[in-house]
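1. Need a 3D model of the sequence below.
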Amino acid sequence: MANIDRIVNVQIALNTTGISKLGFSTVMVIGQHTHGTSRVLTYTDTDQLVDDGFQTTDAIYKAVSACFSQIPSPTQVKVGKWNSEEDLPTALAAIRSEDDDFYGIVLADRTEANVLAMAEWTETHMKLFMTATGDDKVKDASSTTDIMAQLQSKNYYRTAAWYHANATDEYPEAAVMARCFAIDPGGETWANKKLAAITADNLTETEYNAITKKNGNTFEKFRNVSITQNGKVAAGEWIDVIRFRDWLQEEIRTNEFYLLINSDKVPYTDVGIAMVETVLRKALEDGQAAGGIAPTEYDEDGNKNLGYTIDVPLSSSITANQKASRVLEDVKFTARLAGAIHAIRINGSFTYDNLLESA
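-> Numbering: from 1, shown residues only. Predicted coordinates for the structure are as follows:
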């Protein structure tokens with residue numbers, strides 16, 4: 001009997017190979033402990049830490065508890081083990097080799113040298129590190145030796161420091177990280193956030209200005225509500241911009257890689273270049289949907305103000321030598337950040353005159 005494939009041949013390819021993306025909503029609390037055999041322990045509630053032998057007075061327990069106390073709370077928090085005989089970079093390498101699916105880092109140890117070492121390491125990795133200090137010197141604008149001033153002087157873009165008078169017992173950085181990680185990258189701001197189980201500080205305006213001058217952050221009470229203030233990394237950029245930038249970079253990188261590995265060939269033609277552009281456009285559209293990239297808007301004359309633009313070369317403009325390398329270059333985009341409103345200033349006036357609505 002003749003094979004029907006001679007007439008109709010159907011092949012269905014499973015183009016479903018995916019690339020694991022960074023856990024942009026996952027917090028890793030790193031500290032020294034002797035519980036468990038793995039470098040990374042994953043918890044969904046604090047009772048599990050007690051079951052594993054942690055004490056409620058342990059710094060790691062307090063940091064994880066601060067995460068789970070938030071509303072909404074994270075689905076999981078990871079704990080990375082730092083053995084006492086190791087330096088911090090060695091411990092981090094071992095942690096990442098076992099589980100690198102995390103973005104936020106909270107260091108249970110607040111020793112100045114370790115905080116600086118963690119900040120230095122984080123700057124060269126796609127992570128976000130947060131710490132807190134109760135050192136009164138950070139409230140002195142003239143101080144240049146406190147931890148906030150040192151982090152600022154290093155221009156760290158991946159480290160954010162929080163002042164907290166009760167930093168020896170509470171972990172506001174873990175709390176705010178868990179609270180903001182409940183929101184997709186691009187949709188959050190780290191200022192004006194309410195935190196549960198964290199004591200608010202009572203700062204004077206002079207003290208607040210001194211802290212923010214060093215790009216530090218605070219948690220303060222305003223009338224009947226306590227909220228975070230500032231929301232910047234040590235170098236002065238907004239925390240949400242750093243997180244969104246990292247997310248978008250990973251989104252573009254993994255999706256373009258997905259295109260290459262699941263296509264028989266992406267031709268070095270206008271058609272192939274358009275395939276690359278389509279993937280890039282989808283990532284930017286997702287960035288708009290998340291709230292990180294501004295939508296298309298209009299000025300008072302009705303002119304379009306685009307949220308983003310993409311520029312790709314035509315195949316005819318690319319040299320034969322460049323095509324022979326099989327590397328596509330000069331793919332560019334520009335995107336407008338949506339930003340966030342942290343404060344509002346309204347000017348008004350009273351009058352006895354009639355207020356007539358214009359036709």
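2. Let's test this: mean pLDDT of the lengthiest helix in the chain, rounded?
-> Ordering each helix of the chain by length in residues (DSSP state H) puts helix 239-261 first. On average, the pLDDT along helix 239-261 is 92.
3. Buried ones in that helix, by neighbour count?
-> Going by neighbour count (16 or more other C-beta atoms under 10 Å), the buried part of helix 239-261 is 239-248, 250-252, 254-256, 258-259. All C-beta atoms are positioned from the backbone trio N, CA, C, and that covers glycine.
4. Over to stretch 212-225?
-> Across stretch 212-225, burial judged by 16+ other C-beta under 10 Å covers 212, 214-220.
5. Name the nearest of those relative to residue 323.
-> The shortest approach to residue 323 among those belongs to residue 215, at 46.2 Å (C-beta to C-beta).
6. host element of that closest one?
-> In the assignment (DSSP states H and E), residue 215 maps to no helix and no strand.
7. where's it relative to residue 222, distance?
-> Distance, residue 215 to residue 222, by C-beta to C-beta, to the nearest Å: 21 Å.
8. Just list the residues touching the most centrally placed residue in the chain, thanks.
-> Central residue of the chain (C-alpha atoms, centre = their mean): residue 243, 2.6 Å from the mean position. By C-beta atoms under 8 Å, 6 or more residues apart in numbering, the contact list for residue 243 reads 24, 103, 128, 185, 188.
9. for residue 162, same thing?
-> 130-133, 172-173, 176, 216-219.
10. Okay, and which of those map to strands?
-> Members of the contacts of residue 162 lying in strands (criterion: DSSP state E): 130-133, 218-219.
11. If you count neighbours, what's buried in the helix or strand harbouring residue 285?
-> Secondary structure assignment for residue 285, by DSSP H and E: helix 270-290. Judged by neighbour count using 16+ other C-beta under 10 Å, the buried positions of helix 270-290 are 272-273, 275-277, 279-280, 283-284, 286-288, 290.
12. quick revisit: could the ones in strands among the contacts of residue 162 go into a markdown table alongside pLDDT and distance to residue 309?
-> Output for these, formatted as a markdown table (pLDDT from 0 to 100; distance: C-beta to C-beta, whole Å):
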| residue | pLDDT | distance to residue 309 |
| --- | --- | --- |
| 130 | 98 | 34 |
| 131 | 98 | 38 |
| 132 | 98 | 40 |
| 133 | 98 | 42 |
| 218 | 98 | 38 |
| 219 | 98 | 39 |
